[in-house]
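Student: please work out how this folds:
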Amino acid sequence: MAHVSSQSPTGNLPRLARPDGSPIRALVVDDETSLAELVSMGLRMLGWNVVTAGDGLGAVSAAREFRPDVLVLDVMMPGVDGLAALQKIRAFLPQVPALFLTAKDAVEDRISGLAAGGDDYVTKPFSMEELMLRLHRLVQRSGAAASGSDELVVGDLVMNLETREVSRGGEDIVLTNTQWELLRYLMENPRRVLSKAQILTNVWNYDFGGQANIVELYISYLRKKIDIGRPPMIHTVRGAGYVIKPAAP
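Tutor: Below is the predicted model of the structure:
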C-alpha cells in the first residue's frame, strides 16, 4: 500500500486545469479499493476530477465515458490487467498519458509497462508526494492542461515553468535541460531533504544503480550557477541528501 507522509501530498504544486478551465480528469484503476480511494483523495486535493475502477474491463468502460486526461493503472489485476487495459484505452484515446503502479522490485513489470506504452511508473509501497508530483508532470508534458505562467519561487530564486527561464535576484541563470529538471525537483520540495535515490528516480526516471555520484556532480553544477557569489540556497544534509531553502538574511 502507499505510505503517506505527514507533509501535504500536494506540496506547492501549481494548480492545473484544462484549457476550458474545467478540472483535470484522472482515472485511477486498482483492484485494491482502499488504495484507489487513497490516490483519488490526493488527486482531489489537487482540484482534479477523479473516477475509479476496480479492474481492467471497468477501466476501459470508464475511460470511454469519462475521457480522462491521465491514467493511473495497477499492473497486476485479475482478468484484464493494466497493460491490456492501456492497449484497449489507447485505441480510442491514443494520446492519454499513463502511470503504472508496480510491485516493489518487480523489474519485469516496469519494463513491460514502459514497453506497452506507459509513460511512467511508481513502485509499491510509494509516497503520495512522489505520486502526485509524477502525475502533475505527466499532465503538464501531455498538453492536457491550459498553458500559463506558473512559477516556482524559493527566496529570490524564480523558475518559470512555461518559459523555463530561471533567475536569482533578477539575474538570469542559464541551465542545461538536466540541470533545469534537477533544480525544478528541488524547488518543488523546498525545505524538504531529498535523498540521492529520490532525486535519481524523479529527475532521471530510472535506476542508475551504483552511479548515484551523478547526483553529486549535478548538484555541484547547480551550486556553481545558483550559489557562487551569493548566500547559499542548496545545502547538503550529511547522510540524508540535499535541500533547497531561502538563503539566510
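
Student: how about the most centrally placed residue in the chain, nearest residue that isn't a chain neighbour?
Tutor: Among the residues of the chain, the one closest to the centroid is residue 134, at 1.4 Å (Cα atoms, centre = their mean). Once flanking residues are discounted, residue 134 sits nearest to residue 120: 5.4 Å by Cβ to Cβ, 6 or more residues apart in numbering. All C-beta atoms are positioned from the backbone trio N, CA, C, and that covers glycine.

Student: span of stretch 157-171 from start to end?
Tutor: 9 Å (Cα to Cα, to the nearest Å).

Student: how far off centre is that stretch?
Tutor: Here the centre of stretch 157-171 is set off from its chain's centre by 20 Å, with Cα atoms, centre = their mean, to the nearest Å.

Student: try stretch 187-198
Tutor: Centre to centre, stretch against its chain (Cα atoms, centre = their mean), the figure for stretch 187-198 is 13 Å.

Student: do the same with stretch 79-93
Tutor: So, by Cα atoms, centre = their mean, the centroid of stretch 79-93 is 22 Å from its chain's centroid.

Student: the residue nearest to the centre of the chain contacts residue 122, doesn't it?
Tutor: Yes. Counting by Cβ atoms under 8 Å, residue 134 does reach residue 122; the two are 6.3 Å apart.

Student: what residues are shared contacts of these two?
Tutor: Residues touching both residue 134 and residue 122 (Cβ atoms under 8 Å, 6 or more residues apart in numbering): residue 99.

Student: all helices of the chain, in order?
Tutor: 33-45, 56-66, 82-90, 107-115, 128-142, 177-187, 196-199, 213-226 (DSSP state H).

Student: CSV please, covering those helices and showing distance to residue 18.
Tutor: Listed next are these as CSV, based on distance: least, Cβ to Cβ, whole Å:
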stretch, distance to residue 18
helix 33-45, 14
helix 56-66, 13
helix 82-90, 18
helix 107-115, 26
helix 128-142, 10
helix 177-187, 22
helix 196-199, 30
helix 213-226, 33
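
Student: so which of these gets nearest residue 151?
Tutor: For residue 151, the closest of these is helix 177-187, at 9.6 Å, according to Cβ to Cβ.

Student: tell me what that closest one is packed against?
Tutor: Packing partners of helix 177-187 (3 or more Cβ pairs under 8 Å, 6 or more residues apart in numbering; DSSP states H and E): strand 151-154, strand 157-160, helix 213-226, strand 241-244.

Student: got a list of contacts for that helix?
Tutor: Here helix 177-187 makes contact (Cβ under 8 Å, 6+ apart) with 133, 152-154, 157, 159, 161, 164, 166, 175, 194, 199, 202-203, 218-219, 221-222, 225-226, 234, 242-244.
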